[in-house]
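**Student:** Dropping a prediction and its sequence here:
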Amino acid sequence: MDASARFPHLPLKLLVSSFALRTWGTSIERAVPTGELSFVTAEDALAAAGPCDADIAFMTREVTGKSSKDNDTAELQGFQAVLRKAPQLKWLQIHPAGAERPIYRELRDRGVTVTTASGATALTVAHSVLGAVIALNRRFPLLADAQRRHAWEPRLGERSPRDLKGQCAVIVGLGPIGQHIATFLKMLGMTVVGARRTAVPVAPCDRTVSYGDLAGVLPQADWLILCCPASPLTRGLANAALFAAMPRGGHLINVSRGEIAVERDIVAALQTGHLAGAYLDVFEHEPLDAASPVWDLPNVLVSPHTASHSLGQNEAILQIFLDNLARFRAGAPLRNDVGRMG
C-alpha cells in the first residue's frame with residue numbers, strides 16, 4: 001500500500017522547532033516524495049489559537065538542551081504545550097536515548113508512539129568512559145591538582161597506578177553504550193562483567209548477571225560503571241551497600257541518570273577513600289549545586305551531563321529520525337519504540 005492510500009490526508013504535517021526547520025528542513029524534505037510532507041513550527045503552533053494539526057513530531061536537542069530534569073526551559077515548555085494540543089499526533093521522535101520525562105508517558109497513554117535516538121551517541125559516551133577510566137587510573141586529576149599548586153609529585157612506589165590489564169569492570173546496563181564500553185575495556189586486557197535485567201549472555205562480556213545478582217559480583221569489581229536506563233529496577237541501585245561490597249580503592253563511573261546512584265553515599269565513599277575516584281556525568285539534581293562537596297573532591301571528574309556531546313551527534317540523531325520516517329510511511333515497526341522496549 002502506498003503512502004497516499006495509508007495517509008489520505010497527505011501531506012503529513014511534521015512538528016519541529018524553527019531552528020530544526022532552518023537546519024534540517026531541506027534534508028527532511030529530500031527524504032520524502034514531493035507533496036507528501038509539510039512542516040509546522042512549535043513557535044507558530046504555540047502562538048496560534050486552537051489545536052495543532054501535526055501528525056508527527058521531531059523534538060531535537062536544542063529544544064531540551066538547556067533544560068534539566070529540575071528546570072524546564074521556556075523552549076521545552078512551549079514544545080510540550082504544542083504536543084498536548086495536537087490531537088491527531090501519532091508519533092514523536094526524541095533525541096535522547098532515554099524517555100524518562102513525564103510528557104513521554106503522557107503521550108504514550110494517548111496512543112502516541114514515542115521513539116528514542118538510542119545508539120546515536122553510544123560510541124561518544126563510550127569514548128568518554130574510556131577516557132575517564134584511563135584518566136582516573138593514571139591519576140590525571142591528582143596530577144592536574146599538583147600542576148595548579150606548582151608541585152612536583154611523581155607517582156612512585158606505592159603511589160604508582162595499578163595496571164589496567166587484569167582489573168575487573170562491572171558494567172550495569174548492556175545497551176549500545178554498555179556494549180561499546182565492554183569492547184573498549186576488553187581491548188585494555190580487563191575482565192568485564194555485565195549486569196542487566198536478565199542474565200542472558202551479552203558479548204563481549206566475560207559474564208552476565210541480572211540486577212538482582214549484582215551484589216554478588218562486586219567483591220571482584222575494581223570499576224562500577226553505570227550506563228543503564230532509569231527504571232523501578234535501577235533507581236537508587238548504586239548505594240552505600242553496593243559500594244561497601246566493592247574492594248577498597250575501586251572506582252565509580254556514572255553516565256546513566258543521576259537517580260541511579262545515591263549521591264550522598266557516593267560522597268561518603270569517596271571521602272573515606274573506599275572509592276578511590278569517580279567520573280560523574282549525571283547528578284540527582286541538575287545543574288549540580290555550587291555548594292555540593294562533589295566539586296572539591298580531588299579524586300572526582302565532574303562532567304555537566306555532556307558525556308554524549310560531539311559535533312557529529314545531531315547528524316546521527318537526524319539519520320535515526322529519517323530511518324523512522326521511512327518506516328512510519330511504510331507502516332513498518334519503528335526503531336527504538338519505547339513501548340516495544342518496555
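**Tutor:** Alright, I've got the coordinates. Numbers count the residues shown, from 1 in each chain.

**Student:** which residues does residue 189 contact?
**Tutor:** Contact analysis of residue 189 by CB atoms under 8 Å, 6 or more residues apart in numbering lists 164, 165, 166. For the C-beta atoms, the positions are set from N, CA and C on the backbone; glycine is no exception.

**Student:** Go again with 6 Å.
**Tutor:** By CB atoms under 6 Å, 6 or more residues apart in numbering, residue 189 lies in contact with residue 165.

**Student:** For it, give its distance to residue 262.
**Tutor:** Note on residue 189: its distance to residue 262, by CB to CB, to the nearest Å, is 32 Å.

**Student:** Ok, residue 312 next?
**Tutor:** 34 Å.

**Student:** Which parts of the stretch 51-200 of the chain are strands?
**Tutor:** 56-59, 91-94, 113-115, 168-172, 191-196 (DSSP state E, counting those that start in this stretch).

**Student:** Tabulate the ones you listed in TSV, adding columns for mean neighbour count and mean pLDDT.
**Tutor:** Shown next, in TSV, are the strands of the stretch 51-200 of the chain (neighbours: other CB atoms under 10 Å; pLDDT from 0 to 100):
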stretch	mean neighbour count	mean pLDDT
strand 56-59	25	98
strand 91-94	24	98
strand 113-115	23	98
strand 168-172	25	98
strand 191-196	23	98
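
**Student:** How many residues are close by residue 98?
**Tutor:** If you count neighbours by other CB atoms under 10 Å, residue 98 ends up with 18.

**Student:** quick one: secondary structure of the closest residue to it other than its chain neighbours?
**Tutor:** Nearest residue to residue 98 in three dimensions, chain neighbours excluded: residue 229, at 5.2 Å (CB to CB, 6 or more residues apart in numbering). Each residue gets one of three states, and residue 229 gets coil by DSSP: H, G, I helix; E, B strand; the rest coil.

**Student:** those helices in this structure, which residues are they?
**Tutor:** Taking DSSP state H to define them, one finds helices in the chain at 3-6, 18-30, 42-47, 61-64, 74-84, 102-109, 122-137, 140-148, 176-187, 214-217, 240-245, 263-272, 313-330.

**Student:** Surely the residue nearest to residue 98 and residue 99 touch.
**Tutor:** No. With contact defined as CB atoms under 6 Å, residue 229 does not reach residue 99; the gap is 8.5 Å.

**Student:** Relative to residue 54, how far out is the closest residue to residue 31 other than its chain neighbours?
**Tutor:** Nearest residue to residue 31, sequence neighbours excluded (CB to CB, 6+ apart): residue 322, at 4.9 Å. To residue 54, residue 322 is 18 Å away according to CB to CB.

**Student:** Kindly report the same for residue 321.
**Tutor:** From residue 321 to residue 54 the distance is 15 Å (CB to CB).

**Student:** ok, now residue 142?
**Tutor:** 52 Å.

**Student:** same check, this time on residue 93
**Tutor:** 12 Å.

**Student:** Could you do residue 78 as well?
**Tutor:** Using CB to CB, one obtains 14 Å as the distance from residue 78 to residue 54.

**Student:** repeat for residue 212
**Tutor:** Residue 212 is 42 Å from residue 54, by CB to CB.

**Student:** neighbour-wise, which of those two wins?
**Tutor:** residue 54 (26 against 12).

**Student:** how does this protein divide up, domain by domain?
**Tutor:** Listed by automatic domain parsing, the domain ranges of the chain are 3-120+311-330, 122-302.

**Student:** The last one: end-to-end distance?
**Tutor:** For domain 122-302, the first and last residues are 20 Å from each other (CA to CA, to the nearest Å).

**Student:** Nearest approach to residue 256 belongs to which of the helices of the chain?
**Tutor:** Among the helices of the chain, the nearest to residue 256 by CB to CB is helix 176-187 (8.6 Å).

**Student:** Give me the buried positions along that closest one.
**Tutor:** 176, 177, 178, 179, 180, 181, 182, 184, 185, 186 (16 or more other CB atoms under 10 Å).
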